[in-house]
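*Asks:* any chance you can model this:
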Amino acid sequence: MNRLDRMDEYCRFVIGGCRNMLVPWWMMACWAYEEGPFPLISDALFDQIARDLDVEWDSVQHRHKQLVCRADLKGRLGFIGDRWPTIGICAAMHLIKEGPPARDKWPAFSLTATAQQGELFA
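*Replies:* Numbering: from 1, shown residues only. Reported below is the predicted structural model:
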């Protein structure tokens, strides 16, 4: 399994455990593509995240959601300019450098208030 396949698998797992994670994964993927050394996830998964975030817009909650322009979800990439949250940049850089954690280190999700607010990983 190549780097993008492993990252896609991890990303799907995290987002599947907490739909609020659509926001930071979309932002990290945009940053990695625009500013980083190479893409964080596959183009197909990026497109799926954008579609899902658009469809679930009203129910998704995340502290950085206000930085995302919903219209950008319909384009190829979002434009955030200089509004990239430092925590998102650091998380993306770490994932690019280290790859996803070993499968036995993946988070055990429970729908706590914290997970529902999208505070994990972002």
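*Asks:* please determine how far the residue nearest the centre of the chain is located from Gln61.
*Replies:* Nearest residue to the geometric centre of the chain (CA atoms, centre = their mean): Trp25, 0.4 Å. For Trp25, the distance to Gln61 (CB to CB, to the nearest Å) stands at 15 Å. Any C-beta I mention is one placed from the backbone N, CA and C, and that applies to glycine too.
*Asks:* give me the below-cutoff pLDDT ranges for this protein.
*Replies:* The chain contains residues with pLDDT under 70 at 76-81, 109-122.
*Asks:* name the single longest helix found in it.
*Replies:* Among the segments of the chain that qualify as a helix by DSSP state H, the longest is helix 3-17.
*Asks:* buried residues, that helix. List them.
*Replies:* 4, 7-11, 14-15, 17 (16 or more other CB atoms under 10 Å).
*Asks:* which among these gets closest to Met93?
*Replies:* Met7 (13.3 Å; CB to CB).
*Asks:* thought that closest one was touching Phe46?
*Replies:* No: with contact defined as CB atoms under 8 Å, Met7 does not reach Phe46; the gap is 11.1 Å.
*Asks:* which residues are in contact with each of these two?
*Replies:* With contacts defined as CB atoms under 8 Å, 6 or more residues apart in numbering, no residue is shared by Met7 and Phe46.
*Asks:* re the thing from before, dump the residue contacts of the residue nearest to the centre of the chain.
*Replies:* With contact taken as CB under 8 Å, 6+ apart, Trp25 is in contact with 11, 14-15, 41, 49.
*Asks:* which SSE is it in?
*Replies:* Using DSSP states H and E, Trp25 falls within helix 22-34.
*Asks:* that helix versus helix 3-17: what angle between them?
*Replies:* 160 degrees (axes from the mean of the first three to the mean of the last three CA atoms, to 10 degrees).
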